[in-house]
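> curious how this folds, go ahead:
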Amino acid sequence: MITSPANQHVKRIRSLAADRQERRRERMFVLEGVRLIADALESGATLTLVLYAPEQLRQTPAGSDLLQRLQHLPVSYAATPQVIAAAADTVHPQGVVALARWPHIPPGKTGLILVIDAVQDPGNLGTILRSAEAVGVAQTLCSAGTVDVYAPKVVRGAMGAHFRLSIEQDVRWDEIGERLAQVDHVYAADPDARMPYYAADWRQPSALLVGNEAHGLSDAARRLATRKITIPMRGRTESLNVAVAASVILFEALRQRTLGRS
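Modelled structure (predicted):
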């Protein structure tokens, strides 16, 4: 059992959690928590290192189930709760932390593409990815300037979406334009638009562009949009959080694709 917080495995996990360039160089990212790591195993993710505290995992049924699986993995090591706390990024770790290789998920065929334009907050990006996976987005393209898709807070917020959703980051706008040339409608979420989001025809091959929290859509994104859409509101709030707005629109797209436009 690993008992020292100065262990080389702990240092490696902390280094990858903190350094975006190292994550990109090694194409690895950090997973933390019972649910996320169990989800990774169920999705066939390649785990390269797992540290787990047996006494913590035994405290819940889900943790006990995960413990049974981890004990048979050659890349997993038992450790004390203090070691897990040293390796973890959260304040109250659940007794398990791991490293995984970046998954490669090919684009789906639903005809719905999501473009994320320089969203900066990790929590917002994680929530958007979670909603995108939930509605069956075929592909998510993150422009340069968007927060790192594999940052620990993004990964936790996405709750396993990384293992099931086709995601590309640092995509150039000329490349995004080439992808969007294949769809019928490119809708840009804009609080100043007049067209309500539910008036858009999401049954056709479509794309949704969502912009930066402070500055909205970039000029490059606006040039690609064929229509601008908004979420009508009755209260005095000027605009919604970008993750909330994206989720509202994406689930309308799912509704139309499932039940029709009416």
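> show me where this structure has its strands.
Secondary structure of the chain, counting by DSSP state E: strands at 28-32, 47-52, 76-78, 96-101, 112-116, 139-143, 167-171, 185-189, 195-196, 206-210, 227-230.
> tabulate those (TSV), appending mean neighbour count and distance to Lys11.
No exception for glycine: its C-beta is placed from N, CA and C like everyone else's. Listed next are those as TSV, based on neighbours: other CB atoms under 10 Å; distance: least, CB to CB, whole Å:
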stretch	mean neighbour count	distance to Lys11
strand 28-32	22	13
strand 47-52	21	12
strand 76-78	18	14
strand 96-101	24	12
strand 112-116	26	32
strand 139-143	24	29
strand 167-171	18	26
strand 185-189	22	42
strand 195-196	13	52
strand 206-210	26	37
strand 227-230	18	47
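> mind putting these in a markdown table, distance to Asn7 and mean pLDDT included?
A markdown table is the format used below for those (distance: least, CB to CB, whole Å; pLDDT from 0 to 100):
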| stretch | distance to Asn7 | mean pLDDT |
| --- | --- | --- |
| strand 28-32 | 16 | 98 |
| strand 47-52 | 9 | 98 |
| strand 76-78 | 9 | 97 |
| strand 96-101 | 12 | 98 |
| strand 112-116 | 37 | 97 |
| strand 139-143 | 34 | 97 |
| strand 167-171 | 31 | 97 |
| strand 185-189 | 46 | 97 |
| strand 195-196 | 55 | 97 |
| strand 206-210 | 41 | 98 |
| strand 227-230 | 51 | 97 |
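> nearest to Val248, of the ones you listed?
strand 185-189 (9.4 Å; CB to CB).
> got any ranges where the stretch 1-150 of the chain has weak pLDDT?
Within the stretch 1-150 of the chain, no stretch has pLDDT under 70.
> which parts of it are helices?
8-18, 20-26, 34-42, 54-57, 61-70, 81-87, 122-135 (DSSP state H, counting those that start in this stretch).
> out of those, nearest to Lys153?
For these, distance to Lys153 was read as CB to CB. The smallest value, 3.6 Å, belongs to helix 122-135.
> deepest in the core, which of the helices of the stretch 1-150 of the chain is it.
Most buried of these, by mean neighbour count (mean count of other CB atoms under 10 Å): helix 122-135, with a mean of 22.
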